[in-house]
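Chemist: coordinates only, sequence not included:
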DNA sequence: AACTAGGCT
DNA sequence: GTATAAGCCTAGTTG
């Protein structure tokens, strides 16, 4: 029994008798089945979108060249910085630097969006060229004779998460103007449905239990909206009076906390002053004192032992955590905070997949219909099932994911059924 | 191959 | 004085 498991059992986590090595062995055949199954895409729909965006891209290119008065390669950050900051003399104040010069990343360009009409065009150009070159062009070339994409899952990550490559189906767009359209081109076979199941705030629930943090645990047990609850805490107002904007801020703080985010980082993410960000983080730590202790405990134990571990015993060594270069040490401190949380979440999803795989086989056998897992995206599963049994499969999926392990708070899964990946979400 | 950028959880 | 949010994969440019 590891330290973390001992701590966890005291907090009412019932840990299944299995190690992370065994989980990783048992997940392999499941992943091979998923790779073989593949997911169907609507190739002609993607090609149409490609054409549409490509023609807009050409327009943008012309407009940008006209607006800047130079025919340069918009895809070259070097040329871009040259045009914006040397030729057009746009202000570089407050912009990040890269190794080679001023950053032209979207997050930086947004800061000077109103100082020149070309910037908005450049940002749109970036968005479209990303979608075209990474998704719309390559994906149709990778389908099999049934229009299905087959990814390859990998397991060699430092936290135990899975990876997906050639193609990566774990970073298919969902946000932005075209996210929904792209996800709508991931479709079920005729007579079948796509089922998407997501763990809701799994990492926050895990850290609440690992910490343990009394207030956060109570909030999850009551079924509160955790981001609103956090907003109420950091703004010192009643839960009912939390505004959307306050909730958005609180969500970012909750999110950042599992990454060991600093006030500077939060200020960048929210576009607020470091002083304001610092105030929120301070209020957060005062409200959730268990989380504060967790962070200190993880850093201390990593300094002492040289590693941290997940609930099922996967170790991550952090040899530089005592480095005298403090940004090196701080980087590993953040890993010490994040790895047990991210790694445990990953183990829980893998356990659920191992169990669900058996159940789907049973349902298929019993009904004579298809039910198969297709994708895993860190806290989400995508399944394809015959329409007749889709509801049954969805129920079994939710039940399995929510009950594969008992932790000190309820685990919640949101689930949807549709003809496409977007519709199922 | 290094660097920059940007897509996802 | 330097850096500042965890973990991935892919594409385009540059030298």
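Modeler: Looks like it arrived, so ask away. Values in this document were obtained by computation on a predicted structure and should not be read as measured data.
Chemist: elements contacting the helix or strand containing residue A:396?
Modeler: Per DSSP states H and E: residue A:396 is located in helix A:387-403. Packing partners of helix A:387-403 (3 or more CB pairs under 8 Å, 6 or more residues apart in numbering; DSSP states H and E): strand A:192-199, helix A:326-367, strand A:380-386, strand A:413-418. In short, each C-beta sits where N, CA and C put it, glycine included.
Chemist: residue A:65: which of the ones you listed is closest?
Modeler: Of all the helices and strands packed on helix A:387-403, it is helix A:326-367 that lies closest to residue A:65, at 40.1 Å by CB to CB.
Chemist: could you give the angle of that closest one to strand A:380-386?
Modeler: 20 degrees (axes from the mean of the first three to the mean of the last three CA atoms, to 10 degrees).
Chemist: what about helix A:326-367, near DNA strand C?
Modeler: Yes. Against DNA strand C, helix A:326-367 shows contacts by CB under 7 Å from any atom of the strand at A:326, A:327, A:330, A:331, A:334, A:335, A:338, A:339, A:342.
Chemist: kindly report the same for stretch A:147-155.
Modeler: Yes. Shown here: stretch A:147-155 in contact with DNA strand C (CB under 7 Å from any atom of the strand) through residue A:154.
Chemist: now do the end-to-end distance for that stretch.
Modeler: 26 Å (CA to CA, to the nearest Å).
Chemist: mean confidence for it?
Modeler: What stretch A:147-155 shows for mean pLDDT is 98.
Chemist: how about that stretch: buried residues?
Modeler: By neighbour count on 16 or more other CB atoms under 10 Å, the buried set for stretch A:147-155 is A:147, A:148, A:149, A:150, A:151, A:153.
Chemist: show residues contacting that stretch.
Modeler: A:24, A:27-28, A:31, A:34-43, A:139, A:142-144, A:162-169, A:375-376 (CB atoms under 8 Å, 6 or more residues apart in numbering).
Chemist: of these, which are in range of DNA strand C?
Modeler: Among the contacts of stretch A:147-155, proximity to DNA strand C is found for A:163, A:164, A:165, A:166, A:167, A:168 (CB under 7 Å from any atom of the strand).
Chemist: which one of the residues of helix A:326-367 next to DNA strand C is nearest to residue A:269?
Modeler: If you rank the residues of helix A:326-367 next to DNA strand C by distance to residue A:269 using CB to CB, residue A:334 comes first, at 14.6 Å.
Chemist: residues contacting the closest one?
Modeler: Contacts for residue A:334 (CB under 8 Å, 6+ apart) come out as A:259, A:260.
Chemist: what are the phi and psi angles of the residue most central in space within chain A?
Modeler: The centroid of chain A falls nearest to residue A:378 when counting by CA atoms, centre = their mean (7.0 Å). Here is the backbone geometry of residue A:378 (degrees, to the nearest 10): phi 70, psi -50.
Chemist: tell me the confidence at the residue lying closest to it once chain neighbours are set aside?
Modeler: Computed as CB to CB, 6 or more residues apart in numbering, the closest residue to residue A:378 that is not its neighbour in sequence is residue A:161, at 6.1 Å. For residue A:161, the pLDDT comes out at 97.
Chemist: same check on the one 10 residues further on?
Modeler: Per-residue confidence at residue A:171 stands at 97 (pLDDT).
Chemist: can you count the residues close to it?
Modeler: When neighbours are defined as other CB atoms under 10 Å, residue A:171 has 11 of them.
Chemist: same thing with residue A:238?
Modeler: Neighbours of residue A:238 under the rule other CB under 10 Å: 8.
Chemist: and the residue nearest to it when sequence neighbours are not counted, which of the three is it?
Modeler: Once flanking residues are discounted, residue A:238 sits nearest to residue A:232: 6.4 Å by CB to CB, 6+ apart. Recorded secondary structure, residue A:232: helix (DSSP: H, G, I helix; E, B strand; the rest coil).
Chemist: just the buried residues of the contacts of stretch A:147-155.
Modeler: Applying 16+ other CB under 10 Å to the contacts of stretch A:147-155, the neighbour count classes A:24, A:27, A:31, A:34, A:37-42, A:139, A:143, A:162, A:164, A:167, A:169, A:375-376 as buried.
Chemist: next step: these restricted to helices.
Modeler: A:24, A:27, A:31, A:34, A:37, A:139 (DSSP state H).
Chemist: who is the closest residue to the third one other than its chain neighbours paired with across the strands?
Modeler: By the measure of CB to CB, 6+ apart, the closest residue to residue A:31 outside its immediate chain neighbours is residue A:153, 4.3 Å from it. Per DSSP bridges, residues listed as beta-bridge partners of residue A:153: residue A:164.
Chemist: where do the domain boundaries of chain A fall?
Modeler: What automatic domain parsing lists as the domains of chain A is A:3-42+A:147-203+A:346-424, A:44-139, A:214-341.
Chemist: need the residues of the stretch 1-150 of chain A near DNA strand B, please.
Modeler: So far as CB under 7 Å from any atom of the strand goes, the stretch 1-150 of chain A lies against DNA strand B at A:77, A:81, A:98-100, A:103-107, A:123, A:126-127, A:130-131, A:134.
Chemist: check contacts around residue A:70.
Modeler: Contacts of residue A:70 by CB under 8 Å, 6+ apart are A:83, A:87.
Chemist: which SS class is it?
Modeler: Here residue A:70 is recorded as coil under three-state DSSP.
Chemist: thought residue A:376 was touching the residue nearest to residue A:378, still the case?
Modeler: No. Applying CB atoms under 8 Å as the test, residue A:161 and residue A:376 come out as separate, 9.7 Å apart.
Chemist: my read: residue A:386 touches residue A:372, true?
Modeler: No. Using CB under 8 Å, residue A:386 is not in contact with residue A:372, being 10.1 Å away.
Chemist: the more surrounded of those two?
Modeler: Neighbours were counted for residue A:386 and for residue A:372 using other CB under 10 Å; residue A:386 has more, 20 against 17.
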